[in-house]
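[1] Just to be clear, the model below is a prediction. Sequence and coordinates:
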Amino acid sequence: MPQKFDVATVLERESQLTINNWYDRVESGLDLATVPLSRDERCAHLPAMFHDLVARLRNPLPLGTHALTSPAAHNHGCLRRDQGYSAAMIVEESRMLQVSIFQTLQLHVEDTEPGVLLLYVMVIADEVDSQLAQAMSSYITEASVDEKPIEV
């Protein structure tokens, strides 16, 4: 019988596959591809995001709990604003990430522990949404700072 892995291990092991899938989705999307970024610039936040996600899966919190603050999510929101993303583009980017993560899990469903996949899917959605909220918060905060008059 083949060895079964927990979802955190599968995502950790397949993070590059997931990032590649996400990048392909983003590049083929009409809105997101309008912001000219190199592959490295577009994907720079993903290794830290996967690190945070795997940590959350290995150290579960009750669903809906405010996850630990993610400096990477905060920086991502600020960076995307500087790069010219709209708020809607950040949300779309996050949606595509969830789809890519779930696609990776679907490809490896036979490799995962049976009976717990739905719980892990809920934790993944909660964590990705928490990081999106943190990115949006920094995006909006940066916008507010930009709108303040410069004091002389």
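    Sure, I can see it. What you see is a predicted model; the values in this text were computed from it and never measured. Residues are numbered from 1 along each chain as shown.
[2] How far away from the center of its chain is the helix or strand harbouring His74?
    Take DSSP states H and E as the rule and His74 turns out to sit in helix 71-83. Using C-alpha atoms, centre = their mean, to the nearest Å, we find the averaged C-alpha position of helix 71-83 to lie 12 Å away from the chain's own average C-alpha position.
[3] Low-confidence bits of this structure, can you list those?
    Filtered on pLDDT under 70, the chain yields the residue ranges 1-4, 66-67, 114, 142-152.
[4] Run through the neighbouring helices and strands of the helix holding His74.
    Based on contacts counted as 3 or more C-beta pairs under 8 Å, 6 or more residues apart in numbering; DSSP states H and E, the elements that helix 71-83 packs against are helix 46-58, helix 87-107, helix 117-147. For every residue, glycine as well, the C-beta is placed using N, CA and C.
[5] Which one, of those helices, ends up nearest to Leu17?
    Within these, the stretch nearest Leu17 is helix 87-107; the backing value is 6.1 Å (C-beta to C-beta).
[6] List the buried residues in that closest one.
    89-90, 92-94, 96-98, 100-101, 104-105 (16 or more other C-beta atoms under 10 Å).
[7] Send me it as PDB with only the CA atoms.
    What follows is the C-alpha trace of helix 87-107 in PDB, where atoms were taken according to Å, rounded to 0.1, in the frame of the first residue of the first chain:
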ATOM      1  CA  ALA A  87      -7.800  46.000  -5.400                       C
ATOM      2  CA  ALA A  88      -9.900  43.800  -7.700                       C
ATOM      3  CA  MET A  89      -6.800  42.400  -9.300                       C
ATOM      4  CA  ILE A  90      -5.400  41.400  -5.900                       C
ATOM      5  CA  VAL A  91      -8.600  39.600  -5.100                       C
ATOM      6  CA  GLU A  92      -8.500  37.800  -8.500                       C
ATOM      7  CA  GLU A  93      -4.900  36.800  -8.000                       C
ATOM      8  CA  SER A  94      -5.900  35.300  -4.600                       C
ATOM      9  CA  ARG A  95      -8.800  33.400  -6.200                       C
ATOM     10  CA  MET A  96      -6.600  32.000  -8.800                       C
ATOM     11  CA  LEU A  97      -4.200  30.800  -6.000                       C
ATOM     12  CA  GLN A  98      -7.000  28.900  -4.200                       C
ATOM     13  CA  VAL A  99      -8.000  27.300  -7.500                       C
ATOM     14  CA  SER A 100      -4.400  26.300  -8.200                       C
ATOM     15  CA  ILE A 101      -3.900  24.900  -4.700                       C
ATOM     16  CA  PHE A 102      -7.200  22.900  -4.900                       C
ATOM     17  CA  GLN A 103      -6.100  21.600  -8.400                       C
ATOM     18  CA  THR A 104      -2.800  20.400  -6.900                       C
ATOM     19  CA  LEU A 105      -4.800  18.600  -4.100                       C
ATOM     20  CA  GLN A 106      -7.100  17.000  -6.700                       C
ATOM     21  CA  LEU A 107      -4.100  15.700  -8.600                       C
END
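[8] That's all I had, so thanks and see you.
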